[in-house]
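A.B. asks: Give me a 3D structure for the following:
(one chain, ligands or ions: 1)
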Amino acid sequence: MAVSPSLAVAAPRSGPVTSLHVVSDENYPPYLFRNAEGQVEGYLVDLWQLWATRNHVKLTLTATNWAEAQKMIARGDADVIDMIYRTPARESLYDFSAPYADLPVAIYTDTSIGGISGVTTLKGFQIGVQDGDACIERLQSNGIATLQNYRNYTDLIAAAQRQEIKVFCLDEVPANFYLYKAKAQGDFRKAFELYKGQFHRAVRKGNLDTLRLVEEGMKSITTKEEAALRKKWFGAPVDLGEYRAYAGWGLLGLLSVGSLLLLWNMTLRRQVSAKTTTLKQTLAELKAAHQAVKDAKESLAATLQAIPDLLFEFDAEGRYLDVFANQETLLAASKASLIGKNVGAVLPAEASRQVLVAIEHALATGSDYGRVIELEIGGQRRWFELSATRKAGTSPEARVLVLSRDITQRRETEQALQQARDDALLAERDRHFRALFTAAPVAVLYTRANVADSINQRFIDLFGYREEDIANLDEWWLRAYPDPGYRQWVMSTWQSAVDRAASTGGKVQSLEYRVTCKDGTTRDLLIGGQIFGDGFIATFTDITPLRETEAALKDAKDAADAANIAKSEFLANMSHEIRTPMNAILGYAYTLKRTPLQPEQIGRLGKIEDAGRHLLAIINDILDISKIEAGKLVLEHTSFQPGTIIDYVHALIADGAEAKGLHLTVDYHDLPDTLQGDPTRLRQALLNLASNAVKFTEAGSIALLASTLESDDSSALVRFEVRDTGIGIAPASQRDLFQPFKQVDASTTRRYGGTGLGLAITQRLARLMGGDAGVVSAPGAGSTFWFTARLGIGELPAPGPALTGATAEENIRHLHAGARVLLVEDDLVNQEVALELLGDTGLQVDVAANGRLAVDRAADTDYALILMDMQMPEMGGLEATALIRTLPRHRATPIIAMTANAFDEDRQRCLQSGMNDFVAKPVDPDLLFTTLARWLSAPG
Ligand code: ADP
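C.D. replies: Residues are numbered from 1 along each chain as shown. Got it, this is the predicted structure:
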């Protein structure tokens with residue numbers, strides 16, 4: 001903003017110009033400047049005021065920055081510009097007055113810079129100038145274009161103090177003033193005088209009237225008046241005579257009275273003395289300031305000298321601006337070559353990345369500590385720890401100081417320490433593993449190059465051998481396997497296991513060997529191991545106790561097997577021994593019934609038969625369950641019609657049910673006509689359920705049901721069911737019913753007889769047939785017992801209609817009367833029973849009391865059929881059959897076993913010895929007749 005002190009004297013004058021606007025630089029003491037209060041004063045203020053008064057022109061004097069002053073003229077806002085140098089470029093813009101003062105213009109530099117002595121030495125420097133200053137033109141015309149403009153001298157010097165510029169251009173007169181004011185005289189010095197300028201007043205080009213007015217007006221100011229002004233502002237009259245030739249001035253002075261001269265002289269002296277005092281004081285201050293700066297610099301230098309670290313100054317991009325290093329050998333490159341380079345171009349990638357991160361972090365947060373970089377310097381690996389700090393200061397560009405501390409030694413010490421720690425740990429671990437090795441519960445031997453390298457305590461405990469006993473492995477082989485043959489075998493099997501392991505990861509599969517210990521005892525061991533480096537770890541697992549237990553178990557099993565065999569033999573014997581008398585009882589009952597008897601006798605005979613059959617059923621059940629439990633029951637696989645099974649069971653229980661007034665129904669309508677399986681066992685299972693139903697039902701009904709649950713091309717799952725309305729069973733009792741010998745009521749006072757085997761047999765048979773058995777029942781609500789069986793589907797040729805017993809006996813009588821039959825039987829009673837049974841058939845029966853006699857008889861007689869007992873003195877039935885078969889005449893004679901050895905195995909053995917069929921004792925007469933009829937008619 002322009003300041004317009006009211007200088008005008010309002011006295012209009014004839015003529016065109018009544019007011020004048022003068023503009024000039026506010027920065028040019030003592031010509032024109034602003035004082036501490038900001039008010040404009042100076043030589044020109046007084047001069048122009050005098051001019052205005054003299055010329056009766058209203059005057060405005062604007063003091064502003066120099067560039068603005070020139071713009072005001074260009075815009076026409078002001079009429080006259082003062083303190084202007086005449087330059088070629090300005091010729092076209094202004095008309096100039098005559099010069100009225102000489103002003104030296106100089107180049108100033110920072111005291112740290114030397115060698116600046118002429119315009120040409122300025123090349124490459126940034127040079128500070130004031131906006132609009134004539135020196136700009138002068139410098140440019142000398143080819144210096146790197147100029148940095150500032151608004152005024154104050155800003156310019158401040159920038160120089162901030163080190164923004166180190167070289168600048170100033171008019172000398174105000175320069176001293178401003179440098180002094182900024183207390184910066186010591187920091188800068190005048191390098192050389194650029195040129196000498198001359199002050200003019202000027203008007204816009206062509207405005208010659210105004211120029212003339214100004215110049216004429218200036219002439220109205222007397223030399224004396226001007227001298228007074230000069231004295232006031234410059235302290236002494238200078239260089240005026242050169243331009244203003246007031247010839248009488250000197251003369252006038254000379255002619256003045258001596259006292260005036262004296263007075264003036266005294267005044268001058270006073271002024272000089274005052275000035276000198278001020279100057280001395282200023283000089284002392286200056287010296288003190290200079291000394292302080294010097295001390296500070298020396299102190300800083302000493303401090304830096306004392307720091308062993310490297311100090312770098314970077315800009316934000318990581319460019320080296322300054323480097324300080326006491327030990328230049330630690331620098332990655334020479335100090336001079338670093339300046340101006342980017343860290344990325346100097347350090348390896350990772351290190352420069354760390355530096356850049358530190359710079360970035362310091363710029364963002366003020367500081368960054370603790371990053372470590374690794375460099376190779378002079379062929380040696382070194383580590384540096386970085387501390388980065390944002391540099392405080394007035395520079396608009398961000399700078400970061402990075403202190404780089406060589407921590408190589410610390411690092412190396414740390415590493416050595418770590419190494420020592422690791423070694424200690426390793427040693428400790430080694431001790432630990434040695435302890436583990438020694439204490440391992442498995443015997444271990446580590447061998448290398450045929451030498452037993454180490455063995456553990458367990459090894460010593462187990463075998464008694466110590467390291468010295470088997471130092472050489474050959475020693476081990478000899479002592480552990482003293483028998484040469486066994487040793488040979490052990491060594492060859494072991495070697496091939498090791499060879500195998502070498503090609504499959506090194507693990508040797510355990511092998512079992514018997515090792516001889518130092519005390520001569522032997523132990524069973526599993527020996528395995530692992531190839532380990534150039535050695536081998538063998539592990540020995542003692543399985544002696546295991547083998548002993550195994551042996552004990554085997555003995556126990558053998559004993560159990562023997563007991564089982566004994567039991568089976570006992571059962572077979574018992575069966576045989578019971579069946580033999582039963583044969584007599586039932587046989588005689590049968591034949592007796594055929595004789596004329598009293599009704600009472602017929603009834604008693606019937607009871608004898610019932611009791612006999614009951615007893616037989618019990619024996620059969622006991623034999624069945626023991627066979628099933630021994631896994632010896634073999635199922636038949638033949639075609640049968642399931643309906644006949646149900647019908648058969650129905651027929652068997654019909655009388656009993658009727659006797660109790662029970663309603664009996666049957667339903668099997670969705671069963672296939674033909675199935676394959678074991679019809680005898682199915683019948684047995686169903687009969688067990690059905691007879692229980694009759695036994696435990698007092699009133700109501702019984703239903704026999706059979707249905708197909710699922711079926712495919714080859715098989716069907718068939719369910720058989722017996723429902724009754726009997727006493728029912730409580731849930732708690734149902735679980736155990738299918739266990740052998742279990743009954744709901746096991747008390748001695750129970751109402752119902754039975755052995756508790758029926759359900760157990762039924763369920764086991766069902767399971768053997770791929771099904772199961774179960775019950776649904778509640779006390780008082782009756783029971784439904786069921787079982788399922790998986791049976792084959794497919795038509796096998798069904799056997800032709802069987803002859804019934806009666807028809808068979810008749811058939812024999814008609815077709816085979818007189819045929820010769822040999823009965824081989826040792827037991828006299830059973831001989832008699834058989835003869836009686838066969839009595840009505842018309843067959844001619846010879847009897848042989850043992851196998852040997854039978855063979856003798858058969859040797860010279862053609863028999864149509866032989867009935868053969870199994871167990872006989874002298875020679876049993878199997879042996880006799882085999883011998884008879886060697887006789888040419890009996891190669892095809894039907895031989896039928898008739899024996900109390902009623903087991904399946906017995907049947908098999910008979911067939912294997914050469915017999916054709918089998919009838920068990922007690923003999924069922926009907927079965928005997930149908931069998932005889934079939935074989936007598938058989939083509940042979
Ligand atoms: P037993 O009939 O010879 O005792 P079972 O194994 O056939 O042997 O039967 C075991 C027990 O199951 C019988 O003693 C009886 O308590 C019970 N039980 C079997 N069937 C029925 C039924 N239909 N109603 C009620 N209880 C039954």
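
A.B. asks: Centre of the chain to stretch 161-176, how far?
C.D. replies: Its chain's C-alpha centre and that of stretch 161-176 lie 70 Å apart, by C-alpha atoms, centre = their mean, to the nearest Å.

A.B. asks: Just the mean pLDDT for that stretch, thanks.
C.D. replies: For stretch 161-176, mean pLDDT rounds to 87.

A.B. asks: Same question for stretch 498-513.
C.D. replies: For stretch 498-513, the per-residue pLDDT averages 89.

A.B. asks: contacting residues around it?
C.D. replies: Under the criterion C-beta atoms under 8 Å, 6 or more residues apart in numbering, residues 481, 490, 493-494, 497, 524-532, 536, 538-539, 541, 543 lie in contact with stretch 498-513. No exception for glycine: its C-beta is placed from N, CA and C like everyone else's.

A.B. asks: try 7 Å this time
C.D. replies: With C-beta atoms under 7 Å, 6 or more residues apart in numbering as the test, stretch 498-513 has contacts from 490, 493, 494, 497, 524, 525, 526, 527, 528, 529, 530, 531.

A.B. asks: Greatest separation within those residues: which pair is it?
C.D. replies: The largest separation in those, counting by C-beta to C-beta, is between 524 and 531 at 24.4 Å.

A.B. asks: Which strands or helices does the longest strand anywhere in the chain pack on?
C.D. replies: In the chain, taking DSSP state E as the definition, the longest strand is strand 188-204. The contact analysis (3 or more C-beta pairs under 7 Å, 6 or more residues apart in numbering; DSSP states H and E) places strand 188-204 against strand 80-84, strand 94-96, strand 101-110, helix 134-141, helix 208-219.

A.B. asks: who does the third one pair up with?
C.D. replies: The strands that strand 101-110 pairs with in its sheet are strand 167-171 (antiparallel), strand 188-204 (antiparallel) (by DSSP bridges).

A.B. asks: quick one: which of these is nearest the ligand?
C.D. replies: Minimum separation from the ligand across the strands paired with strand 101-110 (C-beta to the nearest ligand atom) falls at strand 167-171, 127.2 Å.

A.B. asks: so for the longest strand of the chain, what's the average pLDDT?
C.D. replies: Averaged over strand 188-204, pLDDT sits at 91.

A.B. asks: Pull out the buried positions in that strand.
C.D. replies: 188, 191, 194, 197, 199, 200, 201, 202, 203, 204 (16 or more other C-beta atoms under 10 Å).

A.B. asks: Compute the inter-axis angle for it and strand 80-84.
C.D. replies: With axes from the mean of the first three to the mean of the last three C-alpha atoms, to 10 degrees as the basis, strand 188-204 and strand 80-84 are set at 150 degrees to each other.

A.B. asks: quick check, distance from strand 188-204 to the centre of its chain.
C.D. replies: On C-alpha atoms, centre = their mean, the centre of strand 188-204 falls 82 Å from the chain's centre.

A.B. asks: Centre-most residue in the chain?
C.D. replies: Central residue of the chain (C-alpha atoms, centre = their mean): residue 505, 27.0 Å from the mean position.

A.B. asks: Kindly provide the distance from it to the ligand.
C.D. replies: Computed as C-beta to the nearest ligand atom, to the nearest Å, the residue 505 to the ligand distance reads 60 Å.

A.B. asks: Then residue 291?
C.D. replies: With C-beta to the nearest ligand atom as the criterion, residue 291 and the ligand are 129 Å apart.

A.B. asks: For that residue, the count of nearby residues, please.
C.D. replies: Counted with other C-beta atoms under 10 Å, the neighbours of residue 291 add up to 11.
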